[in-house]
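Asker: Would you be able to build a 3D model of this:
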Amino acid sequence: MEFTIPPEQRREYADRVRAKARSEAGQRGEQLRHEMGDRLFDILAESFPEEYAARRRRDAGRAFVAGIAVGLLGRELLGRR
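Answerer: The predicted structure is shown next:
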């Protein structure tokens with residue numbers, strides 16, 4: 001008993017396997033970049049605690065001001081209705 005696969009089916013299968021491998025490699029690469037960024041951020045926070053704290057305060061202040069601006073704008077827009 002001989003088992004043969006036509007060339008077009010072999011190509012289709014190879015294309016599917018390659019596409020799946022590329023997709024998985026892309027996902028794994030994205031995960032590694034994310035983990036590396038997290039670790040780098042942790043190292044910087046441990047190495048430069050004063051700068052990290054100052055940056056957190058500055059970013060929190062900016063977020064607070066942006067929140068107030070959005071709130072005032074929203075109140076104005078809702079008040080016009």
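
Asker: For Phe3, which three-state class applies?
Answerer: coil (DSSP: H, G, I helix; E, B strand; the rest coil).

Asker: phi, psi of it?
Answerer: In terms of degrees, to the nearest 10, the main-chain angles of Phe3 are phi -110, psi 110.

Asker: How about Thr4?
Answerer: phi -130, psi 140.

Asker: by contact count, what packs against the helix or strand containing Gln31?
Answerer: Counting by DSSP states H and E, the element that carries Gln31 is helix 7-47. If contacts are counted by 3 or more C-beta pairs under 8 Å, 6 or more residues apart in numbering; DSSP states H and E, helix 7-47 sits against no helix or strand. For the C-beta atoms, the positions are set from N, CA and C on the backbone; glycine is no exception.

Asker: Between helix 7-47 and the next helix or strand after it, find me the angle.
Answerer: Downstream of helix 7-47, the first helix or strand assigned by DSSP H and E is helix 49-79. Here the directions of helix 49-79 and helix 7-47 differ by 110 degrees (axes from the mean of the first three to the mean of the last three C-alpha atoms, to 10 degrees).

Asker: Quick one: mean pLDDT over the helix holding Gln31.
Answerer: Mean per-residue pLDDT for helix 7-47: 92.

Asker: Tell me how many other residues surround Gly67.
Answerer: By other C-beta atoms under 10 Å, 10 other residues sit near Gly67.

Asker: do Ala21 as well
Answerer: 10.

Asker: Residue nearest the middle of this protein, spatially speaking?
Answerer: For the chain, His34 is the residue whose C-alpha lies nearest the centre (C-alpha atoms, centre = their mean; 6.8 Å).

Asker: contacting residues for that one?
Answerer: By C-beta atoms under 8 Å, 6 or more residues apart in numbering, His34 lies in contact with nothing.
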